[in-house]
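In: Pasting the sequence and the predicted model now:
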Amino acid sequence: KAWLPIMYGCNNFCSYCIVPYVRGRERSRMPEDIIKEAKELISQGAKDITLLGQNVNSYGKYPDCGMNFAQLLRKINALEGDFIIRFMTSHPKDCTYELLDAMAECEKVAKHLHLPFQSGSNRVLDAMNRRYTREKYLELLEYAYSVMPDLSVTTDVIVGFPGETYDEFLETVSLVKKAKFTSMYTFIFSSREGTKASKMPDPISREEKGKWFKELLDTQEKIAAVRTSSMVGKTYRVLCESVSKGGLIEGRTGGNIIIEFPADESVIGTFRDVKVTESLTWILRGEIQ
Ligand code: SF4
């Protein structure tokens, strides 16, 4: 597995985030340097390459690289070799249909989109300075699922942003029910000194936020269980990565779901077709075909 930075910094200034202050403004690397490095990684045996940046969807703007992120994905997809391409993190405001089409059409690009939505309330999104609405987010997902029916979407959510009400939190719950995420990284709001959000009134207690957090996790757990159980009986191409604690081989589907199966350690580092035989909410069990 390899990680390939394509850009540094961030221009977005989400009101809760310190990154733009500590890492500076957005700077993209030139496409020729990225492609050269990708070729080197492939020749060294990398099978799973993750393109990294705080907001990879806005790749190529600063400085003008003559290429946007969708075009860069197509270039890397065209490189010779047996490997898969992943990327993170995406920002809904810069995620385009052009990018989703490129994902759908590039056979080496994993059908996994990590697209943080943070809140399902438009008022909270505005206070977070996220610059998209829940409607725009759901529209993007609808298009993404229409061009990639097997797409696995993961996300980040903040519970208890300063000033968030329970009714606004319920809008987050309703978005989660609609979006059918594979998994979520859920955080209770944690103040970062120097950010705008750290100065906002925050009347809801930590204990109350903890209850909301649990409600959201319970909701997502049911959705994840339905999702993974729908995979039973299907076969996926899996990169075999390591030996699990239980002595099984552990790999990941293109959708980034962990699957365990019995096999010899010699399969590690290779792609295998694995049929899912059992789902355990967050992970799968299977057998090599
Ligand atoms: Fe940038 Fe992400 Fe931080 Fe927003 S949350 S400011 S997009 S790094």
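Out: It's in. Bear in mind the structure is a predicted one, so any value in this text is a computation, not a measurement.

In: rest of the way, CA atoms for contacts and neighbours
Out: OK.

In: tell me the contacts of the residue in the stretch 101-250 of the chain that the ligand sits nearest to?
Out: Taking Cα to the nearest ligand atom, the ligand has its nearest neighbour within the stretch 101-250 of the chain at Arg130, 7.1 Å off. If you count contacts by Cα atoms under 8 Å, 6 or more residues apart in numbering, Arg130 has them with 12, 14, 93.

In: so how far is Cys10 from it?
Out: According to Cα to Cα, to the nearest Å, Arg130 and Cys10 sit 13 Å apart.

In: For the most centrally placed residue in the chain, list the residues it contacts.
Out: Closest residue to the average C-alpha location of the chain: His114 at 1.5 Å, with Cα atoms, centre = their mean. Residues near His114 by Cα under 8 Å, 6+ apart: 88-90, 153-155.

In: now do 10 Å
Out: Contacts of His114 were listed using Cα atoms under 10 Å, 6 or more residues apart in numbering, and they are 86-92, 152-156, 181-184, 255-256.

In: Quick check: it vs Asn55, distance?
Out: Plainly put, His114 is 11 Å away from Asn55 if you go by Cα to Cα.

In: any shared contact partners between the two?
Out: Here His114 and Asn55 share the contacting residues 87-92, scored by Cα under 10 Å, 6+ apart.

In: Out of those residues, name the ones that lie in strands.
Out: 87-88 (DSSP state E).

In: which of the contacts of Arg130 are close to the ligand?
Out: Among the contacts of Arg130, the residues that sit close to the ligand (Cα under 6 Å from any ligand atom) are 12, 14.

In: which of the contacts of Arg130 lies closest to Asp33?
Out: Asn12 (24.9 Å; Cα to Cα).

In: Would you mind naming the helix or strand containing the closest one?
Out: Element membership for Asn12, per DSSP states H and E: none, as it lies in no helix or strand.

In: mind checking the SS state of the residue of the stretch 101-250 of the chain closest to the ligand?
Out: coil (DSSP: H, G, I helix; E, B strand; the rest coil).

In: likewise Ile204?
Out: coil.

In: Next, count neighbours for it.
Out: Look at Ile204: counted by other Cα atoms under 10 Å, it has 15 neighbours.

In: ok now do it, which residues does it touch?
Out: Counting by Cα under 10 Å, 6+ apart, Ile204 has contacts 160-166.

In: Mind jotting down where the helices sit in the stretch 151-289 of the chain?
Out: For the stretch 151-289 of the chain, the helices defined by DSSP state H, counting those that start in this stretch occupy 166-179, 206-229.

In: and the gap between the residue of the chain most remote from its centre and Thr195?
Out: Here the centre of the chain is the reference, and by Cα atoms, centre = their mean the most remote residue is Pro203, at 30.9 Å. As judged by Cα to Cα, Pro203 and Thr195 stand 18 Å apart.

In: Ok, Thr165 next?
Out: Distance of Thr165 to Thr195, given as Cα to Cα: 21 Å.

In: what about the two, which has more around it?
Out: Shown here are Thr165 and Thr195; by other Cα under 10 Å, Thr195 has more neighbours (17 against 14).

In: picking that back up, any idea which of the contacts of Ile204 is closest to Gln118?
Out: Closest approach to Gln118 among the contacts of Ile204 (Cα to Cα): Phe161, at 9.5 Å.

In: Can you tell me, leaving aside adjacent residues, what's nearest to the closest one?
Out: Phe189 (5.4 Å; Cα to Cα, 6 or more residues apart in numbering).

In: what does the stretch 1-150 of the chain put close to the ligand?
Out: For the stretch 1-150 of the chain, the residues in contact with the ligand (Cα under 6 Å from any ligand atom) are 10, 12-14, 17, 19-20, 54-55.
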